[in-house]
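K.L.:
Predicted model, plus sequence, below.
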Amino acid sequence: MSAEPSPAGAGSAFEPRRILVTGADSGIGKATAVALAGAGRQVGITWHEDEEGAEVTAQEVRAAGATAHVRHLDLGDPARGTAVVDELAGVMGGVDTLVLCSGTGTATRLLDLDLETWQHVIRVDLDGAFCCLQAAARHMVRAGSGGRIVAITSVHEHAPRVGAGPYCAAKGGLGLLAKVAALELAEYGITVNAVAPGEIATPMTGQEDESVLQGKHRPGIPVARPGDAREVAATVAFLCGPDAGYVTGASWAVDGGMLTMGPMAGSHLADDAWRRP
């Protein structure tokens, strides 16, 4: 890139104005798009399967005073990420904030996993994220006014899960990609962080729009419940805001303490049910 670098923390006055949230038709992506919406802001919303859900997100974004732009994005073809980011940057006059929420996974043990399933998860969760990140970063560097990038990974960026081989591999890779990007983009005033959710009440866990406070006891999680997508979105909003200019290359676990339970869970499991996806 030919743009002149700016001082690495020159983001103290940064405000997200031209925002792109992938996978914003439901769950964490939807909550994030709404959390980042505000008067004078533009929010690009992408969806894969749920167009109606994306329109609902757009309505909530507009109700918060922002302009919403909705686009279809299937990262099964990772290069589409580049094209859609470029298109939305053109519509919004640039992009200064990117949140990568698109993702998919499996519940298949390695011995039963076929190559196409493995490749599909890697394409969506890692290759597609790379294409979106690279395209957005190029727009931010050209603009010369800094930026924010947040990748939604998972606690499985840090810890394995039976039946989730490709998902864990992709999320671990995405976490390290975010760290490399943080190193390379800091001189342009762009911060890059990961947010690693635990069990969140979203469509991916079959719990969207269900209360996390009623009938959801989780004895293996210190706070004893799943998280709400808005709790993840609040962390993302901080990382995208003016007070996070000195935060980069970090992975923020939003998991109710799940990751701290390794030895405790290992010594207190009562049966072999954990061996099944």
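P.N.:
Received, thanks.
K.L.:
the strands in the stretch 101-250 of the chain, which residues?
P.N.:
147-152, 190-197 (DSSP state E, counting those that start in this stretch).
K.L.:
and the direction of the first one versus that of strand 190-197, what angle?
P.N.:
Meaning strand 147-152. Here the directions of strand 147-152 and strand 190-197 differ by 20 degrees (axes from the mean of the first three to the mean of the last three CA atoms, to 10 degrees).
K.L.:
if we can go back for a sec, would you format the strands of the stretch 101-250 of the chain as a markdown table with distance to residue 247 and mean neighbour count included?
P.N.:
(Glycine included, C-beta is placed from N, CA and C.) A markdown table is the format used below for the strands of the stretch 101-250 of the chain (distance: least, CB to CB, whole Å; neighbours: other CB atoms under 10 Å):
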| stretch | distance to residue 247 | mean neighbour count |
| --- | --- | --- |
| strand 147-152 | 10 | 28 |
| strand 190-197 | 6 | 27 |
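K.L.:
So which of these is nearest residue 21?
P.N.:
Nearest to residue 21, of all the strands of the stretch 101-250 of the chain, is strand 147-152, at 9.5 Å by CB to CB.
K.L.:
list the helices and strands the closest one packs on?
P.N.:
If you count contacts as 3 or more CB pairs under 8 Å, 6 or more residues apart in numbering; DSSP states H and E, strand 147-152 packs onto helix 27-36, strand 97-100, helix 128-143, helix 165-185, strand 190-197, helix 229-239.
K.L.:
Same list (these) but as JSON lines, adding distance to residue 156 and mean pLDDT.
P.N.:
What follows is those, written out as JSON lines (distance: least, CB to CB, whole Å; pLDDT from 0 to 100):
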{"stretch": "helix 27-36", "distance to residue 156": "14", "mean pLDDT": "97"}
{"stretch": "strand 97-100", "distance to residue 156": "15", "mean pLDDT": "98"}
{"stretch": "helix 128-143", "distance to residue 156": "15", "mean pLDDT": "98"}
{"stretch": "helix 165-185", "distance to residue 156": "5", "mean pLDDT": "98"}
{"stretch": "strand 190-197", "distance to residue 156": "8", "mean pLDDT": "98"}
{"stretch": "helix 229-239", "distance to residue 156": "15", "mean pLDDT": "97"}
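K.L.:
Thanks again, I'm all set now.
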